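A.B. asks: how would this look folded up:
(2 chains)
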Amino acid sequence: MTAKVVTVTSGKGGVGKTTAVANIAVALAARGQKVTCIDGDIGLRNLDVVMGLENRIVYDLVDVIEGRCRLRQAMIRDKRLPELFLIPAAQTRDKTAVSPSDMVRLCDELRPEVDWILVDSPAGIERGFKNSVAPADRVLVMTNPEVSAVRDADRVIGLLEADGKGPAALIINRLDPVMVRRGDMLSVDDVLDLLAIDLIGIVPEDEGVIVAANRGQPLTLDARNKAGLAFQNIARRLLGEQVPLLEFDSPNVLQRLLGRK
Amino acid sequence: MGEASSLFQIKGIRDGLLITLGGGDWPDLVDAFIENIDSRSAFFQGGRVALDVGARDLRVAELSVLRDRLSERGVSLWAVLSESPLTETTAQNLGLATRLAKPRPPQVPEVAQPLPEGTAKWIKGPLRSGGRVAYEGNVIVMGDVNAGAEIVAGGSIIVWGRLRGVVHAGAQGDESAVVCALEMVPTQLRIAGEIAVSPKKPGKSQPEVASLQDGHLTAEPWHKLTGR
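C.D. replies: Below is the predicted model:
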């Protein structure tokens, strides 16, 4: 096995990187892939909470890098999926505890063991971002359909291109089809028009995401959930499948008759 | 003339003229020097002068008076060389160089000459947020210039795409510089010393050219300019 390293990043905080990493990881693992997630947000770790593994942490990423434990010892096995692991971030340190070359070395050590390494990047464009992006074979840039998030995504895409890490693929998260139809939210086309990169997924706004994150249960396992379905589709696209984008904003009959979108 | 040359020597150097002042009373020396300039004003006019004053101690009042008298005659004093630490400090306080090898003191940029053909920087777009291009010539971007990006050009700026960022054409004062874009919606647009923001325009976008007309920034549709 030679793992592919996929980093999810965004520039702006709070757009849903951690949720995306947890859900894509679960979706991949549910398809029989061996997956390890790495929380790159040292000092502000979240991925363990979203995955519901908080109380199982013994060793973390910084312990591995500083040689206090072996890589295997820091890998926490998921409660439901035996092929899914998490390497948590250290909470009592900061981003400077790790360097980009540390991350490359760690991922190289992990590559033969798994199929996928998903790295959850912190917000920002500083050290934590550089650490998370350094080992990446593929970068997924996440944004929300709002001007400030798109602006930051644009900046990050520019940095990735300058770094030779492109082409990045885009995930648009928290799209509200009703607001788009009213013209109160940037549409998918508006965002793509601005950013001009490939789209790998559109995730609709969904209350279930918050509920699931609070419970520490990724919603991908819930088949009725549209956001979960969208994350599953992203996982399938990473695996090379051709999956059409979900249709959220198909206009109803009346609007079609009135010629409105 | 013979008397004057014993008081000071004039030598042409790379950066203008080097005047080496001889001994004697400072006010007399200055008067003789100024007199010499007045008698040959065509030669000195617009010149740059470095002054070697030897070991003489000069204070701000003395040097600044000389500088003012020189500048009244269109001569700019840019350096004072001296073995005296006091004079060196004085010169530095006045913003003058104290070594010939030192780069020239920053000058008010001269109004740029119309740029010769061929001096353009070619950028393969898109120029994303955080991207910055600064170039003394013209700048051409093949692609969009996104909000958060910035272009500063001595000459004109042509954007073959959407212009959403900040652009400054004619940054050194060239008022004939223009900004062209397929879609002109800059965060801010500057030509020479004028600044404008793009008004919210409804309707279909069209290629536009922004330029200075009687000191006012105006943007006009390309098809109107070409009459098509």
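A.B. asks: just the residues contacting stretch A:165-175, thanks.
C.D. replies: Contacts to stretch A:165-175, defined as Cβ atoms under 8 Å, 6 or more residues apart in numbering or on different chains, come from residues A:8, A:15-16, A:19-20, A:133, A:136, A:138-145, A:153, A:156-157, A:160-161, A:185, A:188, A:191-192, A:195, A:197-205, A:234, A:248. Quick note: C-beta positions are derived from backbone N, CA and C, even for glycine.
A.B. asks: which members of those occur in helices, if any?
C.D. replies: Among the contacts of stretch A:165-175, the residues falling in helices (DSSP state H) are A:19-20, A:133, A:153, A:156-157, A:160-161, A:188, A:191-192, A:195, A:234.
A.B. asks: which non-adjacent residue is nearest the residue of chain B found nearest chain A?
C.D. replies: Of all residues in chain B, B:Arg128 sits closest to chain A, at 3.3 Å by Cβ to the nearest Cβ. Nearest residue to B:Arg128 in three dimensions, chain neighbours excluded: A:Gly158, at 3.3 Å (Cβ to Cβ, 6 or more residues apart in numbering or on different chains).
A.B. asks: for the ones in helices among the contacts of stretch A:165-175, which one is nearest chain B?
C.D. replies: A:Ile157 (5.9 Å).
A.B. asks: the closest one - how many residues pack around it?
C.D. replies: 28 (other Cβ atoms under 10 Å in any protein chain shown).
A.B. asks: cool, B:Arg99 as well?
C.D. replies: For B:Arg99, the neighbour count with other Cβ under 10 Å is 10.
A.B. asks: go on, B:Gly143?
C.D. replies: B:Gly143: 16 neighbours (other Cβ under 10 Å).
A.B. asks: for it, grab phi and psi.
C.D. replies: Torsion angles at B:Gly143 (phi, psi; degrees, to the nearest 10) stand at phi 140, psi -180.
A.B. asks: just the pLDDT for it.
C.D. replies: On pLDDT, B:Gly143 comes in at 95.
A.B. asks: wait, it sits on B:Gly125?
C.D. replies: Yes: contact criterion Cβ atoms under 8 Å: B:Gly143 and B:Gly125 qualify, at 1.8 Å.
A.B. asks: tell me, what's touching the two both at once?
C.D. replies: B:Trp160, B:Gly161.
A.B. asks: give the next helix or strand downstream of the one helix or strand in chain B whose mean pLDDT sits lowest.
C.D. replies: One helix or strand of chain B scores below all others by mean pLDDT, DSSP states H and E: helix B:2-7, with a mean of 56. Using DSSP states H and E, the helix or strand that follows helix B:2-7 in sequence is strand B:8-13.
A.B. asks: quick one: strands adjacent to that next one?
C.D. replies: Next to strand B:8-13 in the sheet, as set by DSSP bridges, lie strand B:16-21 (antiparallel).
A.B. asks: do you know how far the residue nearest to B:Arg128 is from B:Ile123?
C.D. replies: 12 Å (Cβ to Cβ, to the nearest Å).
A.B. asks: between the two, point out the one with more neighbours.
C.D. replies: More neighbours surround A:Gly158 than the other of A:Gly158 and B:Ile123, with 21 against 18 (other Cβ under 10 Å).
A.B. asks: per-residue confidence for that one?
C.D. replies: For A:Gly158, the pLDDT comes out at 94.
A.B. asks: shouldn't it be in contact with B:Ser129?
C.D. replies: Yes: A:Gly158 is within contact range of B:Ser129, at 6.4 Å (criterion: Cβ under 8 Å).
A.B. asks: list the contacts for residue 215?
C.D. replies: This is for chain A. Counting by Cβ under 8 Å, 6+ apart, A:Arg215 touches A:Gly52.
A.B. asks: oops, chain B please
C.D. replies: B:Gly215 neighbours (Cβ under 8 Å, 6+ apart): B:Glu194.
A.B. asks: what score does it have for pLDDT?
C.D. replies: On the pLDDT scale, B:Gly215 is placed at 88.
A.B. asks: same question for A:Ser121.
C.D. replies: Note on A:Ser121: pLDDT of 97.
A.B. asks: got it, and B:Asp31?
C.D. replies: Value for B:Asp31, per-residue pLDDT: 85.
A.B. asks: any weak-confidence spans in chain B?
C.D. replies: Within chain B, the set of residues satisfying pLDDT under 70 comprises B:1-6, B:101-118, B:200-203, B:227-228.
A.B. asks: against B:His216, how distant is B:Leu182?
C.D. replies: From B:Leu182 to B:His216 the distance is 23 Å (Cβ to Cβ).
A.B. asks: hang on, I meant A:Ala153
C.D. replies: Distance from A:Ala153 to B:His216, by Cβ to Cβ: 36 Å.
A.B. asks: near chain B, which residues of chain A? Just list them.
C.D. replies: Taking Cβ under 8 Å from any Cβ of the partner chain as the test, the list of chain A residues beside chain B reads A:Arg151, A:Asp152, A:Asp154, A:Arg155, A:Ile157, A:Gly158, A:Leu159, A:Glu161, A:Leu194, A:Ala196.
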